[in-house]
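Visitor: Return a 3D structure for these sequence lines:
(one chain, ligands or ions: 3)
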Amino acid sequence: MPQETVGYVELEWTCVHCGTKNEGTRQTCSGCGAPMSDSQKFQQAGQETLITDKDLLAKAEQGPDIHCPYCGTRNPAGTAKCTHCGGDLTGATAREHGEVLGALKSEPQPEVKCGFCGTMNPADAKRCRKCFSPLGSAPAPAPAAATPAPSRKIGILPIAVIAVLVVACIALFALMTRTSDTTGTVNAVSWQRSIDVLQPQPVSHQNWRDQIPSGAQIGACTREVRRTQDNPAPGAQKVCGTPYTIDQGNGLGKVVQDCRYNIPDDYCRYTTVEWVRVNAVVARGNDLKPVWPTVNTSSSQRAGSQTESYQVTFIAGDKTYTYSPRSAQEYARFTPGSHWTLQVNSLGGVNTVARAQ
Ligand SMILES: [Zn+2]
Ligand SMILES: [Zn+2]
Ligand SMILES: [Zn+2]
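Guide: Ligands and ions are numbered 1, 2, ... in the order given. Next up is the predicted model:
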């Protein structure tokens, strides 16, 4: 997802020795003078404001600060000799950077209470406005990338329902596959054949404008998001996520947001003329000679799809069984009065039939 820079903000750090909160760009504590060590982390200020100062902006893009290998003092990127001890900074390691600190705190934050005198102070104050005590706080814990969703407990009830359904399915399968053979005599046969009658009629649909077949009559259209992409396009609508602050390693934070582009398009109703089933002609009989019905279509009509179904009734002792042959060829074999071996399942259905010896 493309990342867009919103601007830069100043971070802060809390002195481990005296608890004073310091501006990110300060290299030594304003309370006790201790230098910021490389193990101390920057945190977001209570309220973050985008900086406009040109020097600060230039520093923000300079890269992470480096720590002097001799005295530990923070030095700006590219410094040749330590500003504190004059040590050679060639090969000094750069501060860690690039960590996402959290969503930009642009909204006014609640005031902070001074731990010494109880005075309320603005969220971004470093010292109490009354007693000048440091308003330090423990460095904020690194923001979790995502709060793990509480593990969803599957209730006992759904499991019980599923178990019952599984048992029911197995039982049904057993009943349908457990068969017994019986001899039946063909008592009656019947067939039905039908042919659909089609006629051109207007049918309405919806689709994107460029997907509508030519010749269709286009009705009302609405603008809808057809797809989302990373790159801008004419007419595209930019959608950005919440801005968040990234540690630059030099006391400043880069504020970025992830943006994508919604591409709108016309989604339209349209009408096309299609062959629609308006009627069906049916032929039925109780013999072994099925025929297709005659379709007398008008000039605007035509014959559509054909369907056929066959049924044979057997008598076996005092029971009656029905069987549906799958084709006209199979149906033709069931001469009334002929004897057949029926494989009957526990539900009374006929699984297979075979001519009796
Ligand atoms: Zn300090
Ligand atoms: Zn040094
Ligand atoms: Zn105070």
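Visitor: which residues sit against the helix or strand encompassing E4?
Guide: Element membership for E4, per DSSP states H and E: strand 3-10. Contacts with strand 3-10, where a contact means C-beta atoms under 8 Å, 6 or more residues apart in numbering, come from 23-25, 44-45, 48-51, 56-57, 60, 104, 240, 243, 245, 248, 251-259. Where you see a C-beta, it was placed from the backbone N, CA and C, and this is true even at glycine.
Visitor: Each with direction, which strands does that strand pair with?
Guide: Partners of strand 3-10 in the sheet, by DSSP bridges, are strand 252-285 (antiparallel).
Visitor: Give me the buried positions along the partner strand.
Guide: 252-257, 260-263, 265, 267-270, 272, 280-281 (16 or more other C-beta atoms under 10 Å).
Visitor: So which elements touch the helix or strand just after the strand holding E4?
Guide: Downstream of strand 3-10, the first helix or strand assigned by DSSP H and E is strand 12-14. Counting contacts by 3 or more C-beta pairs under 8 Å, 6 or more residues apart in numbering; DSSP states H and E, strand 12-14 is packed against strand 21-23.
Visitor: Can you list the strands that the strand it packs on pairs with?
Guide: strand 12-14 (antiparallel).
Visitor: does any part of the strand it pairs with sit near ligand 1?
Guide: No. Strand 12-14 does not reach ligand 1 (C-beta under 5 Å from the ion); its nearest approach is 8.7 Å.
Visitor: what helix or strand does the residue nearest in space to the middle of the chain sit in?
Guide: Note on the chain: the residue nearest the mean C-alpha position is T228, at 13.6 Å, using C-alpha atoms, centre = their mean. Assigned by DSSP H and E, T228 belongs to strand 217-229.
Visitor: now the angle between strand 252-285 and that strand, please.
Guide: For strand 217-229 against strand 252-285, the angle by axes from the mean of the first three to the mean of the last three C-alpha atoms, to 10 degrees is 140 degrees.
Visitor: what's the helix or strand that strand 217-229 is followed by packed up against?
Guide: Next helix or strand after strand 217-229 toward the C-terminus (DSSP H and E): strand 237-240. With contacts defined as 3+ C-beta pairs under 8 Å, 6+ apart, the packing partners of strand 237-240 are strand 252-285.
Visitor: The residue of the stretch 201-350 of the chain found nearest ligand 1 - how many residues pack around it?
Guide: Scanning the stretch 201-350 of the chain for proximity to ligand 1 using C-beta to the ion identifies G251 as nearest, at 15.7 Å. Applying other C-beta atoms under 10 Å, we find 26 other residues in the vicinity of G251.
Visitor: Nearest residue to it in space, please, no chain neighbours.
Guide: Distance criterion C-beta to C-beta, 6 or more residues apart in numbering; nearest residue to G251, sequence neighbours excluded, is G24 at 2.9 Å.
Visitor: how close does the one you found sit to P69?
Guide: G24 sits 22 Å away from P69, going by C-beta to C-beta, to the nearest Å.
Visitor: on that earlier part again, which parts of the strand holding T228 are buried?
Guide: Quick answer for strand 217-229 (16+ other C-beta under 10 Å): C221.
Visitor: residues in contact with it?
Guide: Under C-beta under 8 Å, 6+ apart, the answer for strand 217-229 is 202, 204, 208-209, 212, 236-237, 239, 260-272.
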